[in-house]
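Visitor: Requesting a structural model of the entry that follows:
(chains A and B)
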2 protein chains.
Amino acid sequence: MATLGDIGVSAAINILSALIFLLAFAILRLQPLNDRVYFPKWYLKGLRNDPLQSGGFVNKVVNLDWRAYIRFLNWVPDALTMPELELIDHAGLDSAVYLRIYLLGLKIFVPITLLAFSVLVPVNWTNSTLAKSGFTYSNIDKLSISNLPVGSQRFWAHIIMAYASTVWTCYALQKEYATVAAMRLQFLASEKRRPDQFTVLVRNVPPDTDESVSECVENFFMVNHTDHYITNQVVYNANKLAKLVKEKNSKQNWLDYYHLKYSRDQSKRPMMKTHFLGLCGNKVDAINYQTAEVERLAKEIAEERERVKNDPKSIMPAAFVSFKTRWGAAVCAQTQQSRNPTLWLTDWAPEPRDVYWKNLAIPYVYLTIRRLIIGVAFFFLTFFFMIPITFVQTLASIEGIRKRVPFLKVIIDIPFIKSFIQGFLPGIALKIFLIVLPTILMLMSKFEGWESISALERRSASKYYIFNFVNVFLGSIIAGAAFDQLNTFIHQSANEIPKTIGVAIPIKATFFITYIMVDGWAGIAGEILRLKPLIIFHLKNFFLVKTERDREKAMDPGSIDFNTGEPQIQLYFLLGLAYTVVTPFLLPFILVFFGLAYLVFRHQIINVYNQKYESGAAFWPDVHGRIIFALVFSQLSLLGLLSTKRAAQSAPFLIALPVLTISFHFFCKGRYEPAFTRYPLQEARRKDSLERAKESNLNLKDYLQNAYLHPVFKGDDEDDDEELESNSGVLVPTKRNQSRGNTPAPSRMSANSSNSFS
Amino acid sequence: MATLGDIGVSAAINILSALIFLLAFAILRLQPLNDRVYFPKWYLKGLRNDPLQSGGFVNKVVNLDWRAYIRFLNWVPDALTMPELELIDHAGLDSAVYLRIYLLGLKIFVPITLLAFSVLVPVNWTNSTLAKSGFTYSNIDKLSISNLPVGSQRFWAHIIMAYASTVWTCYALQKEYATVAAMRLQFLASEKRRPDQFTVLVRNVPPDTDESVSECVENFFMVNHTDHYITNQVVYNANKLAKLVKEKNSKQNWLDYYHLKYSRDQSKRPMMKTHFLGLCGNKVDAINYQTAEVERLAKEIAEERERVKNDPKSIMPAAFVSFKTRWGAAVCAQTQQSRNPTLWLTDWAPEPRDVYWKNLAIPYVYLTIRRLIIGVAFFFLTFFFMIPITFVQTLASIEGIRKRVPFLKVIIDIPFIKSFIQGFLPGIALKIFLIVLPTILMLMSKFEGWESISALERRSASKYYIFNFVNVFLGSIIAGAAFDQLNTFIHQSANEIPKTIGVAIPIKATFFITYIMVDGWAGIAGEILRLKPLIIFHLKNFFLVKTERDREKAMDPGSIDFNTGEPQIQLYFLLGLAYTVVTPFLLPFILVFFGLAYLVFRHQIINVYNQKYESGAAFWPDVHGRIIFALVFSQLSLLGLLSTKRAAQSAPFLIALPVLTISFHFFCKGRYEPAFTRYPLQEARRKDSLERAKESNLNLKDYLQNAYLHPVFKGDDEDDDEELESNSGVLVPTKRNQSRGNTPAPSRMSANSSNSFS
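Guide: Alright, predicted model coming up:
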């Protein structure tokens, strides 16, 4: 068991590495060469110009202004001073609300920490159970609940503390839910006109032999929403077209690369092999070959586009239906259209950028089946993923290799390689799995059939949270793989499970403190350094960039990865709530995490990240629900722990807590969740009236005509750019479009399409 | 353990008593004197006249026509021949669909019984495990799964049977859900114009200091539903008024009674005492006293009515808002109105008869709290009701009485009284509790704040089902009170619980067979005899009836008690599904129950019951959900049983069953449930268009003006009757109104109000 000294050493190391990251960042960000890595958001918004264009060569690469280095920490106040309203305007509501999760962590845990340290720490410390017990123990354990004698009356302090922290957490959660809901409604109300305000996504249009999908939709809505319907846009199955466009873009990139190579060294024409990633096949002249390929693809794309537009089979039974008023759209989105509730399914259209086109054509019955399959698959993934990995690890062990590939025996007996295999290979299989896990979960969510990218990310986040909870949290508390735990739990009685967990939690406190420092402190500090984008940008810059546009393309602003980021924060909420009463010594470490992460992400959101879509904080109900889950879990584990301490008379007092917490959750769900799923008619009507008063002769039909065109129909031709800008300018609520000239549309389009079709 | 012979004796007794009931019914129903007990529905519809009015005195009382007795069983074909469409027209959709539950039981269990008898019975019979074991066993056990040796390969037959019965049950359920949903939509579409089609119940109207509730509602809906709104009716808090009206009716009844008494024996004026149910107080002239009382109450009622109408405080923050079209109402009912989702809550208005007026004014936050309180209270009621009853039983025992009331010692030592106390009193406490249980559950549902009588009955049925499941089903399988079971289950591991239950199920087969015969066979046959209404009717007829109207009032047609009847049927589904694989010998007994009950209730619905409201089969999702629950429960208990038989390799095959069943449930929920909770716009629009084509100059506003008036404002004054009839005639879809002259409105009104305010 780690002592205070051990923790101190670990803290020192992690603080040091965090400081090194922060220092490196503070210096690197001042170098003009890295400007596009650390401030891409401003480039995209057109509010920052390349420092490369002015000054001498040295100035272009290294910042020689010593004054800048004195103020090297001034990014901190910069990150904090932007007011929230400006932040929403600058980066969107999603990002602003995402930051509030960290802030919520601070709001919840600062008072709890103060209270716990002023009450529980003295109560725990002034016992001598551990000293008498003769076991080895550390000073940290003296601060924890383990130091109380069995049956002590002092457990009342812990019970009262459990109540206090629950009440405070619920209060903070309720306030926050109310604020976020109000922010969302405010955001929707203050937004400019956007096509998704008028548009409803209709799925499962019933097939009709006489009419095309578009006519069928038109007839249906003309009858059933007579006064409100204006137009509809059918959804094309353009998956093949999108693939071709992607292929052409890639070939075009290669062509550019070879052109560049040739222009640098005109002595020899670049050559390439045609097959399998350029590793085999005939050697041909690269420029000629790629030019031919690009031309061929351009022709194919043109043909495919014609085919898609004219072939009725490529029209999917889904459509974006637009209405004259927001009121009409709100009505249509919230009501059932036909007798058969699985036909004519209507729902708010996501933002055009947010649509996941591939999933628009899945019929209702398949959705049930797909969700069942993924549910079962996810269960096995969570509980049994260790089995294939253990298998790979056996294969990759010395014995395994010796047995299966005997001719390698000579090589693996070399001591260096032997130690490499023994020390490194087994771990690498697990590491690779954990790296690709978010991608696997995202693929699962895609298979489930959600129709917007934001919904996909929310679903992936839920899955990732469950995986983390089972494998990271429970896996650390109860040693052993997940299926061992599952086996344990199945064979334990319902009142033994909280005991098992509750007893294990205080023992693991030091482990989690170390975990928080490595993952939370150093990890977050590493995030701000952006090492990977930094290296990739410089590599691209060195090898590929030849024009301003290439440099824009080489920038990778990235975005908040909600599907991995939010579950990570939730793990800290879980740790904080679970240890509040048990080992309050852990709380300050969590506070440091929330504070540092808030700072870092605020900086990143202001300067770096470029969100791919705006969902209007639609994720908040998930965030809220998971904190409630963590709260209930912590209450049950405390109940389990106390029941082993012969503080059994306290059980009736504690059993009320989860009941109250869960009904608090239902109250919040009823009171605030509709703000995230429905759109009040009063708001819609108010906005309609305002707009009608301001612009009475607006031609809405033209405005909505092409808003929901599949991106491949828009983004491919370079000469479409100008038209596109004026068209898509309205889609994005930030200032970004005003300077689109700086950021050519295709980069966005291809980013979009590569996202949509990956 | 009961042998086949024991079962045979028990069956004989029960069949005999059932036959006696049926025979008694067949004879009693032919007597003219009982006509109003056995055919009240036809009287209410005005399609049957009193046989008392013709013929001699003997003919009036006893049916002397011997031919009628020959055909004494002809009620059976009569009950069966009415086609379903006519039945819906005659008794409403609720009743017709209620009958389909019994029919569904037959549909599910007839094929399953045939299959089980042709496959499982031979498989079980041709073993000799029990014969070898040396335990005592009966022939029934030889037919059950207990007769198979541990680890036998024959268990595959049972696994396949479990699959077959699940697939068949799901298929039947899905067909039935589709049919009922279609029937409901058909019913709604074919109905005549009714106020609830145009009306939405708005609750939680925010308080406004400047405007009255009516003005506030008017303004809000004029703005937000400009094109559709026509009128609104506020809800008065008329609880006090209703109480006064009820009191006056009671005094009026007494007055009538004394008048009658005096007219029979004019020698002395009837006297009465004024206090405490006429047991103490001054003796006064009864007629004068009651006349004065009635006059006083009439005056008070008039005053109270004025006060309610004029005092703004007696207006509740709720209103019935009516729209010009069904489309407008459908839109309003399905959408969220304001930013705060707990204000302006809109929902379909129930039928005027179905409104539970008392609950219309509960604010949202109290609903959460009330539901939490009832949730906790119901938990304690279900698991701990035995504690107070045991306490009462101890009090009521010989020893208890001796200890607490020593002076009664002399009396209770009399042998007869002693044996009475010992044999009867302890049971009576439990019996009384079980008799008042449905009332307790109904009170709980009322406290939860549901706003229609149909919803109250549905909620009570859910509670009653859970209570029955825990205390009747599990309580019989695992001996001991519910809190002992709870204790057992909490201390058992998750995979032990199905084993405990699974092993106990085959042992209890004979007990449940007896239970089915007593409760299901004889009980249902007793239902048709209507002994209680028969006696009460004749008592009333003898003592009270003096006019034709009194005789109408003395009739008590009753209605289907959904809140107790449906949970009873569900217990049979549960038994049937749980024993399908384990002891198929039980199935024929269930088939007899379903067949007999179908026959009896079809007869009662056609001839007797008079439904108080029509909810359009809104209860079907509950019925479906409970059968699914029974199915999953039976699968899990089979899994538990087989795992003790060392048929463990079968577990993976069986675990798939509940997963599939549950996802089937979600599929059905998504596919069919919206038909019961929402109203498709397409249907609304179609019906609107039809109506507009037929009656273009309909004054809807007048039509809707007073549809949702609190019944006390309508039903009190006798001279209002005529107006009322023409007004309320449209409310009821059956033919009943055409002959209202026969059934004066007030009886309905008071029935309504006594229901609403009990």
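Visitor: Residues of the stretch 201-350 of chain A that sit close to chain B?
Guide: Taking C-beta under 8 Å from any C-beta of the partner chain as the criterion, the stretch 201-350 of chain A approaches chain B at residues A:220, A:223-225, A:227, A:327, A:330-331, A:334-339, A:341-342, A:344. (Glycine included, C-beta is placed from N, CA and C.)
Visitor: so where's chain A shaky on pLDDT?
Guide: For chain A, the stretches flagged by pLDDT under 70 are A:1-4, A:47-73, A:128-140, A:273-281, A:396-398, A:420-427, A:479-483, A:544-550, A:646-651, A:714-758.
Visitor: ok, back up a step: buried subset of the residues of the stretch 201-350 of chain A next to chain B?
Guide: Buried residues within these, defined by neighbour count using 16 or more other C-beta atoms under 10 Å in any protein chain shown: A:220, A:224-225, A:327, A:330-331, A:334-339, A:341-342, A:344.
Visitor: State the pair within these that is farthest apart.
Guide: Comparing all pairs in these by C-beta to C-beta, the longest separation belongs to A:W327 and A:T342, at 26.1 Å.
Visitor: residue contacts, the closest residue to A:A79 other than its chain neighbours?
Guide: Among residues not flanking A:A79 along the chain, A:H603 sits closest, at 3.8 Å (C-beta to C-beta, 6 or more residues apart in numbering or on different chains). Taking C-beta atoms under 8 Å, 6 or more residues apart in numbering or on different chains, we find A:H603 in contact with A:W75, A:V76, A:D78, A:A79, A:I528.
Visitor: if you look at the residues you listed, which of them are in strands?
Guide: Using DSSP state E, no member of the contacts of A:H603 falls in strands.
Visitor: Out of the residues you listed, which is nearest to chain B?
Guide: A:A79 (32.1 Å; C-beta to the nearest C-beta).
Visitor: what sits against the closest one?
Guide: A:L599, A:R602, A:H603, A:I606, A:N607.
Visitor: Among those residues, which are located in helices?
Guide: In helices, defined here by DSSP state H, the members of the contacts of A:A79 are A:L599, A:R602, A:H603, A:I606, A:N607.
Visitor: Might one say that the second one is in contact with A:T81?
Guide: No. Using C-beta atoms under 8 Å as the test, A:R602 is too far from A:T81 to be in contact (10.0 Å).
Visitor: So which of those two has more stuff around it?
Guide: More crowded of A:R602 and A:T81, by other C-beta atoms under 10 Å in any protein chain shown: A:R602, with 24 against 10.
Visitor: picking that back up, may I ask which two of the contacts of A:H603 are separated the most?
Guide: Spatial extent of the contacts of A:H603 (C-beta to C-beta) is set by the pair A:D78 and A:I528 at 12.8 Å.
Visitor: out of these two, which sits in the more crowded spot?
Guide: Between A:D78 and A:I528, counted using other C-beta under 10 Å, the more crowded position is A:I528 (24 against 13).
Visitor: Specify which member of the contacts of A:A79 is nearest to chain B.
Guide: Looking at these and their distance to chain B, the nearest is A:R602, at 28.4 Å (C-beta to the nearest C-beta).
Visitor: Quick one: residues contacting the closest one.
Guide: A:A79, A:L80, A:M82, A:L87, A:L99.
Visitor: now those residues: which count as buried?
Guide: Neighbour counting with 16+ other C-beta under 10 Å marks A:A79, A:M82, A:L87, A:L99 as buried within the contacts of A:R602.
Visitor: now, which of the residues you listed sits nearest chain B?
Guide: Closest to chain B out of the buried ones among the contacts of A:R602 is A:L87 (22.8 Å), distances taken as C-beta to the nearest C-beta.
Visitor: Which strand or helix spans the closest one?
Guide: Assigned by DSSP states H and E, A:L87 falls within helix A:84-91.
Visitor: longest helix of chain A?
Guide: The longest helix of chain A (DSSP H) is helix A:155-190.
Visitor: Any buried residues in that one, and which?
Guide: Within helix A:155-190, the residues that qualify as buried by neighbour count (16+ other C-beta under 10 Å) are A:155, A:157-159, A:161-166, A:168-170, A:172-174, A:176-177, A:180-181, A:183-185, A:187-188.
Visitor: For the most centrally placed residue in chain A, give its distance to chain B.
Guide: The centroid of chain A falls nearest to A:F562 when counting by C-alpha atoms, centre = their mean (1.6 Å). Distance, A:F562 to chain B, using C-beta to the nearest C-beta, to the nearest Å: 25 Å.
Visitor: Nearest residue to that residue in space, ignoring adjacent ones along the chain?
Guide: Distances taken as C-beta to C-beta, 6+ apart place A:E457 nearest to A:F562, at 4.6 Å, with adjacent residues excluded.
Visitor: so who does that neighbour touch?
Guide: Residues near A:E457 by C-beta under 8 Å, 6+ apart: A:M442, A:S445, A:F562, A:N563, A:F619.
Visitor: From those, pick the one nearest chain B.
Guide: A:S445 (17.7 Å).
Visitor: Can you pull the residues of the stretch 51-200 of chain A lying near chain B?
Guide: Contact residues (C-beta under 8 Å from any C-beta) of the stretch 51-200 of chain A with chain B: A:L185.
Visitor: list the contacts for the residue of the stretch 51-200 of chain A found nearest chain B?
Guide: Evaluated by C-beta to the nearest C-beta, the stretch 51-200 of chain A has A:L185 as its residue closest to chain B, separated by 5.4 Å. The contact partners of A:L185, by C-beta under 8 Å, 6+ apart, come to A:A675, A:P680, A:E683, B:R339.
Visitor: What helices and strands are in contact with the host helix or strand of the first one?
Guide: With elements taken from DSSP H and E, the one containing A:A675 is helix A:674-677. Contact here means 3 or more C-beta pairs under 8 Å, 6 or more residues apart in numbering or on different chains; DSSP states H and E; on that basis helix A:674-677 packs against helix A:155-190.
Visitor: and the angle from the helix it packs on to helix A:84-91?
Guide: Angle of helix A:155-190 versus helix A:84-91, following axes from the mean of the first three to the mean of the last three C-alpha atoms, to 10 degrees, is 60 degrees.
Visitor: For the contacts of A:R602, give me CSV that also has distance to A:Y262.
Guide: CSV is the format used below for the contacts of A:R602 (distance: C-beta to C-beta, whole Å):
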residue, distance to A:Y262
A:A79, 45
A:L80, 50
A:M82, 46
A:L87, 47
A:L99, 48
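Visitor: Name the nearest of those relative to A:L698.
Guide: The closest of those, once distances to A:L698 are taken by C-beta to C-beta, is A:L87, at 30.5 Å.
Visitor: A:H90 touches A:L99, doesn't it?
Guide: No. Look at A:H90 against A:L99 with C-beta under 8 Å: they stay out of range, at 12.0 Å.
Visitor: Just flag the most distant two among the ones in helices among the contacts of A:A79.
Guide: Across those, no pair lies farther apart than A:L599 and A:N607, at 12.5 Å, counting by C-beta to C-beta.
Visitor: Quick check: closest non-adjacent residue to the residue of the stretch 201-350 of chain A at minimum distance from chain B.
Guide: Nearest residue of the stretch 201-350 of chain A to chain B: A:P341, at 3.7 Å (C-beta to the nearest C-beta). Leaving aside its sequence neighbours, A:P341 sits nearest to B:P674 (C-beta to C-beta, 6+ apart; 3.7 Å).
Visitor: on contacts alone, who are the packing partners of whatever helix or strand A:I435 lives in?
Guide: According to DSSP H and E, A:I435 maps onto helix A:425-448. For helix A:425-448, the packing partners by 3+ C-beta pairs under 8 Å, 6+ apart come out as helix A:364-384, helix A:386-395, helix A:453-468, helix A:562-579.
Visitor: Any idea which of the ones you listed gets closest to B:L709?
Guide: In terms of C-beta to C-beta, the element of the helices and strands packed on helix A:425-448 nearest to B:L709 is helix A:364-384, at 42.9 Å.
Visitor: could you check the angle helix A:453-468 makes with the closest one?
Guide: 30 degrees.
Visitor: what comes up buried for helix A:364-384?
Guide: Under the neighbour-count criterion of 16+ other C-beta under 10 Å, helix A:364-384 has A:Y364, A:L367, A:T368, A:R370, A:R371, A:L372, A:I374, A:F378, A:L381, A:T382, A:F383 buried.
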